[in-house]
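In: After the sequence you'll find the predicted model.
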Amino acid sequence: MPKLIASMRHAVSLTLNGRKVEGQAEPRMLLSDFLRHQLGATGTHVGCEHGVCGACTVLIDGLPARSCLALAVQSDGADVKTIEGLSPDGGHTLGVLQEAFREHHGLQCGFCTPGILMSLDGFLRAQPDASERELKEMLSGHLCRCTGYATIIKAALHAQQRLKEERAYA
Amino acid sequence: MKPAPFDYLRAESREDVLAQLHEHGDQARIIAGGQSLVPMLSMRLAKPALLVDVMHVESLSKIEATDAGIRVGAGVRQARLLDWATRDPRLPLLAKALPWVGHAQTRNRGTVVGSVAHADPSAEQPLCLLTLGGTLQLRHRKKARSIPASEFFVGMMATARGDTELIESVTFPAAQPGTGYAFREVGRRHGDFAIVACAAVATHTGVRLGVGGVADIPNVRELPLPGASDFDDALNQYAWDLEARDDLHATARYRRELVRRLGRETIEEALRCRN
Ligand SMILES: Cc1cc2nc3c(=O)[nH]c(=O)nc-3n(C[C@@H](O)[C@H](O)[C@H](O)COP(=O)(O)OP(=O)(O)OC[C@H]3O[C@@H](n4cnc5c(N)ncnc54)[C@H](O)[C@@H]3O)c2cc1C
Ligand code: FES
Ligand code: FES
């Protein structure tokens, strides 16, 4: 890849929720802004924009990461999964994690929720048998101003159980 | 909060990186995991003209065992070393310390070398490298050098790295027989930077205690064994010598007390872990 010039926009292509997509970005554009403004994936929320709140969490190559701490140009060629990819049919029905959060009131205003769900999606895939303590430790990477976390943890534990059952039947 | 404009180059080889650093000097900045640099760019605390991305250079992405210990390349992310350390008995201190480095979400991106390069006084990885007596491998276009961690950290986020140098890797000495290792930390919340972090290495004749979060740079001192009559005095003296200051997170007095209590606990755990 040649040097990308600061004042110009460059083609950036990545796989977003399983589909190849392309947009334009100056080198300084954050991945979070690229997802929202270039690719129209506005489900990824932006809170603090310096890595602390976790609202912007997405999966980059399968692993939960802050999209506000990655540059769009760094992510050229990457596989990115956002909240839009969690629903099994593109938004008509809810995925297991989303359903568990709805059932257990794991959200109020919902601003932090997409990031938390993406962290859980990556985490529960990698560690399906994680203990409650490990789950809480992972969730410490997220701030929620509304819920007090108890319902989030309840929802997460419930989703973990459901995902285990699904795998047992599969 | 958006970064000021900069050029970006995805380096494909070590030579690419070195040529760019040589040409642009302190106007160029290496970007590894970006977990400290991108916030600094967004807050415009850093305004480099060029970012050189080292994460796609294959030769920098290795973890290798050498005579000096476990050598970790510039492209190795923290999550990967944590995974390695939990399986390799030669890195017990890192297996204990790495879970304290930020969150799983930041460890998936942040690198080990990036944290050492950034040299935050409360960061865990520089503290471990120093306490274990590790080394850094630096390289610029014409020559390479290796320096001990004790010469690398020179002030608050200031290091002995030259503007045109790449930190190629850091080497953590492997665990020695008859030696125990422990790590403890107190922070406001798991994943927050440490108010005080302690790393201890204990043998049958003495202990080494490293302390982060108190002075401008991580610090390490040899102490007698806790049973010895002068142990309490030595630990107390160490706590004072670190010259703790009051800040938003804790008072100097609280930090000194933490060095004494957490320091003792960490040492005792290291003694119990001696193999
Ligand atoms: C929410 C949050 C919490 C965190 N908590 C902690 C914590 O508890 N403890 C902790 O230690 N850290 C913490 N961090 C910071 C840690 O995650 C960073 O990963 C680390 O400090 C920097 O590593 P990086 O690979 O991301 O480096 P980058 O951010 O890419 O770079 C950091 C600096 O190092 C330089 N650099 C990087 N690689 C090299 C190289 N090979 N040669 C020369 N210079 C280089 C860069 O130019 C830059 O100046 C936290 C970060 C966040 C966002
Ligand atoms: S917006 Fe990215 S962590 Fe807060
Ligand atoms: S539900 Fe409102 S911030 Fe979490």
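Out: On my side now, so go ahead. Remember, it's a predicted structure, so these values are computed and weren't measured experimentally. Ligands and ions are numbered 1, 2, ... in the order given.

In: If I look at the residue nearest to B:Ala28 when sequence neighbours are not counted, what pLDDT would I see?
Out: In space, and not counting its chain neighbours, B:Ala28 is closest to B:Leu50: 4.4 Å by Cβ to Cβ, 6 or more residues apart in numbering or on different chains. In short, each C-beta sits where N, CA and C put it, glycine included. In this prediction, B:Leu50 carries a pLDDT score of 98.

In: ok, B:Leu50 - contacts?
Out: Contact analysis of B:Leu50 by Cβ atoms under 8 Å, 6 or more residues apart in numbering or on different chains lists A:Lys3, B:Phe6, B:Asp7, B:Tyr8, B:Leu9, B:Gln20, B:His24, B:Gln27, B:Ala28, B:Arg29.

In: I'd assumed the fourth one was in a strand, is it?
Out: Yes. With DSSP: H, G, I helix; E, B strand; the rest coil as the criterion, B:Tyr8 is part of a strand.

In: for the stretch 1-150 of chain B, what spans make up the strands?
Out: B:7-10, B:28-31, B:50-53, B:63-66, B:69-73, B:135-139, B:144-148 (DSSP state E, counting those that start in this stretch).

In: Tell me who's in contact with the residue most central in space within chain B.
Out: By Cα atoms, centre = their mean, chain B has its centre lying nearest to B:Pro126, at 1.7 Å. B:Pro126 makes contact with B:Ser115, B:Val116, B:Ala119, B:Asp120, B:Ala149, B:Phe153, B:Gly212, B:Pro218, according to Cβ under 8 Å, 6+ apart.

In: Tell me where chain B has helices.
Out: All helices of chain B, identified by DSSP state H, fall at B:14-24, B:37-42, B:78-87, B:92-97, B:104-107, B:112-118, B:124-132, B:149-152, B:231-241, B:252-272.

In: what's the burial count for the residue in the stretch 151-275 of chain B that ligand 3 sits nearest to?
Out: Ligand 3 sits closest to B:Arg189 of the stretch 151-275 of chain B, with a gap of 16.2 Å, by Cβ to the nearest ligand atom. Burial measure for B:Arg189: 7 neighbouring residues, criterion other Cβ atoms under 10 Å in any protein chain shown.

In: and which of the contacts of B:Pro126 is nearest to B:Gln176?
Out: B:Ala149 (17.1 Å; Cβ to Cβ).

In: For that closest one, give me the pLDDT.
Out: For B:Ala149, pLDDT reads 98.

In: What of A:Thr42?
Out: Reading off the confidence values, A:Thr42 has pLDDT 97.

In: The one 4 residues further on too?
Out: The predicted structure scores A:Val46 at 98 on the pLDDT scale.

In: roughly how far apart are it and chain B?
Out: Distance of A:Val46 to chain B, given as Cβ to the nearest Cβ, to the nearest Å: 10 Å.

In: Now do the same contact list for that residue.
Out: Residues in contact with A:Val46 (Cβ under 8 Å, 6+ apart) are A:Ser32, A:Asp33, A:Arg36, A:Ala55, A:Cys56, A:Cys68.

In: now with 10 Å?
Out: Each residue near A:Val46 by Cβ atoms under 10 Å, 6 or more residues apart in numbering or on different chains is listed here: A:30, A:32-33, A:35-36, A:53, A:55-56, A:67-68, A:111, A:115, B:1.

In: Give me the subset of those that lies in helices.
Out: A:Ser32, A:Asp33, A:Gly115.

In: Tell me if I'm right that the first one and A:Ser67 touch.
Out: Yes. Here A:Ser32 reaches A:Ser67: they are 4.0 Å apart, a contact under Cβ atoms under 10 Å.

In: what comes up buried for the longest helix along chain A?
Out: In chain A, taking DSSP H as the definition, the longest helix is helix A:150-169. Across helix A:150-169, burial judged by 16 or more other Cβ atoms under 10 Å in any protein chain shown covers A:Thr151, A:Ile152, A:Ile153, A:Lys154, A:Ala155, A:Ala156, A:His158, A:Ala159, A:Gln160, A:Leu163.

In: which of these lies closest to A:Leu86?
Out: Using Cβ to Cβ, these come closest to A:Leu86 at A:Ala159, 11.0 Å.

In: pretty sure that closest one contacts A:Phe101?
Out: Yes. Counting by Cβ under 10 Å, A:Ala159 does reach A:Phe101; the two are 7.7 Å apart.

In: tell me, what's touching the two both at once?
Out: A:Gly95, A:Leu117, A:Leu120.

In: can you pull the contacts of the second one?
Out: To tie it back to what came earlier, the one meant is A:Leu117. For A:Leu117, the contact set (Cβ under 10 Å, 6+ apart) comprises A:43, A:57, A:82-83, A:86, A:95, A:97-98, A:100-101, A:106-107, A:155-156, A:159.
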